[in-house]
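[1] Mind folding the following:
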Amino acid sequence: MSSPTHRPESTASVVLYVALELSTKEWVLTMSTAPGAKRQRARIRPGDQATLARVLAEAKSRSGVGPDAPVRSCYEAGRDGFWPHRLLVRLGVRNLVVDSSSIEVSRRARQAKTDRVDGEKLLRMLLRYWGGERDLWHVVHVPTREVEDARHASRALTTLQGERTRYRNRIHSLLALHGVRRLRLDAQFPERLVKATDWAGEPLPPGVQARALATWRLLEAVEAERQRARRAERHQVRASATPSVARQLAQLRAIAARSATILADELFSRTLRNRRQVGALTGLVSAPYDSGTTRIDQGLARSGLPAVRRVAVEIAWAWLRYQPGSALTHWYHQRFGTGGAVTRRIGIVALARRVIIALWRYVEYGIVPEGALLKA
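    Sure thing, here's the model as predicted:
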């Protein structure tokens, strides 16, 4: 009985595939050249460039691959961000940053989870991806260092606004424990706190006063920094010497400097080819369930960027007020204006998606939304 013969594969066309499991203590590398080839594993310190280069060279040697053979790798997007990607690119590796939520998972109730199992699974999916299954997972677009760094100012202001709300709620919660309703949180708050009385008409306990004053001092520091960041953001949008996307957006009525900056930094700084990508990145798209005779709308997918989604809904409400003659406003009133409160809230989400797509066309192609007015 004759055995089938195979043409020997040239080492020049062989690729080394590497899956990385990243953690704060070590990186676990799972390597192979083909789905049925032997797996190689290594552990290195995070960011150890010399050791990583040596491990890749040794893996090529053990696999019988030439030293100039290409290397393709991947890791899941997470806390480390994009600096591991830039490190791999510096070593000549073609790397992919994968969206963790798009990775296939088993539906079994209990699953074994170890670095070895996760690395093996990630490596198999990497081989399938380069084998032609490009829809297997979602690859994250890696921004440049300059674009990534430019987003920190806007995100810092968003963080300060969240901290401000958190401290204000904490003070009001402390006072509500003793029946004290809303005290104005301004510069005279310490004097008001001393004079405030509880539900029985007695002064507040000293422990509550001390804690409320400590939280108020933190609130004052956050508020001062927030005001400084807002002034800097407005100045950058309005007085910038070179035309910017944020300044272009702020020329439209219903869009303030804050909303324009978030959209410019988080959404329009990315390469978006069509309106579907804009809607998906915003997360204002439906998730249908259509199987057999069952057809259900599961609501919004809520994927993409939460910050952009919040701003989009705020802009939609402002658009109805400051752009009453636009085609988008007429569409909303014809479709949802005669309904109740629930219908109007559902319609505002649909309007938000249409407004964001119209703003993308305005930024990308200079097409002003139909009937929209510009600021003086």
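
[2] Could you chop this structure up by domain?
    Domain segmentation of the chain under automatic domain parsing yields 13-142, 148-238, 245-365.

[3] Isn't residue 332 up against residue 347?
    Yes - in this structure, residue 332 is within contact of residue 347 by CB atoms under 8 Å, at 5.8 Å. The way it works is simple: take the backbone N, C-alpha and C, and place the C-beta from them, glycine included.

[4] So which residues of the chain form helices?
    49-62, 83-90, 115-130, 145-150, 152-176, 189-195, 206-238, 245-250, 257-262, 275-282, 306-322, 327-336, 341-365 (DSSP state H).

[5] ok, residues contacting the third one?
    Taking contacts as CB atoms under 8 Å, 6 or more residues apart in numbering, the residues outside helix 115-130 that touch it are 15, 17-21, 23, 28-32, 34-35, 39, 41, 72-76, 96, 98, 103-104, 136-137.

[6] Run the chain-centre distance for it.
    Centroid separation for helix 115-130 versus its chain: 24 Å, with CA atoms, centre = their mean, to the nearest Å.

[7] Once you drop chain neighbours, what's closest to residue 250?
    Distances taken as CB to CB, 6 or more residues apart in numbering put residue 260 closest to residue 250, at 4.2 Å, once the chain neighbours are dropped.

[8] Spit out the contact partners of residue 86.
    142, 145.

[9] 10 Å instead?
    95, 142, 144, 145 (CB atoms under 10 Å, 6 or more residues apart in numbering).

[10] likewise residue 311?
    Residue 311 touches 158, 255-256, 258-263, 266-267, 282, 305, 352, 356, counting by CB under 10 Å, 6+ apart.

[11] If we use 6 Å, what do you get?
    Contact partners of residue 311, counting by CB atoms under 6 Å, 6 or more residues apart in numbering, are 259, 262.

[12] Hmm, residue 351 and residue 284 touching each other?
    No - under the criterion of CB atoms under 6 Å, residue 284 makes no contact with residue 351, lying 9.7 Å away.

[13] Can you tell me which of the contacts of helix 115-130 are classed as buried?
    15, 17-21, 28-32, 41, 72-76, 96, 98, 136-137 (16 or more other CB atoms under 10 Å).

[14] In strands, which of these fall?
    17-21, 28-32, 41, 72-76, 96, 98 (DSSP state E).

[15] so what's the residue nearest the centre of the chain up against?
    Nearest to the mean C-alpha position of the chain, counting by CA atoms, centre = their mean, stands residue 305 at 4.3 Å. Going by CB under 6 Å, 6+ apart, residue 305 touches residue 266.

[16] again with the one 10 residues further on
    Residues near residue 315 by CB under 6 Å, 6+ apart: 259, 355.

[17] Let me know the distance separating it from residue 260.
    Remark: distance between residue 315 and residue 260 (CB to CB, to the nearest Å) = 9 Å.

[18] cool, and residue 352?
    15 Å.

[19] More neighbours: which of these two?
    Higher neighbour count among residue 352 and residue 260: residue 260, with 25 against 22, using other CB atoms under 10 Å.

[20] pretty sure that one is in contact with residue 247, am I right?
    No - if you go by CB under 6 Å, residue 260 and residue 247 don't touch, sitting 7.5 Å apart.

[21] Most neighbours among the contacts of residue 86, which one is it?
    For the contacts of residue 86, neighbours tallied by other CB under 10 Å; top is residue 95, 21 neighbours.

[22] first vs last residue of stretch 280-299, how far apart are they?
    One end of stretch 280-299 sits 14 Å from the other (CA to CA, to the nearest Å).

[23] Please apply the same query to stretch 254-270.
    End-to-end distance (CA to CA), stretch 254-270: 23 Å.

[24] just how off-centre is that stretch within its chain?
    So, by CA atoms, centre = their mean, the centroid of stretch 254-270 is 14 Å from its chain's centroid.

[25] Would you mark the buried spots in it?
    254-255, 257-269.

[26] Can you name the residues in contact with it?
    Counting by CB under 6 Å, 6+ apart, 147, 151, 154, 233-234, 237, 245-246, 249-250, 305, 307-308, 311, 315, 318-319, 322-323, 363 sit against stretch 254-270.
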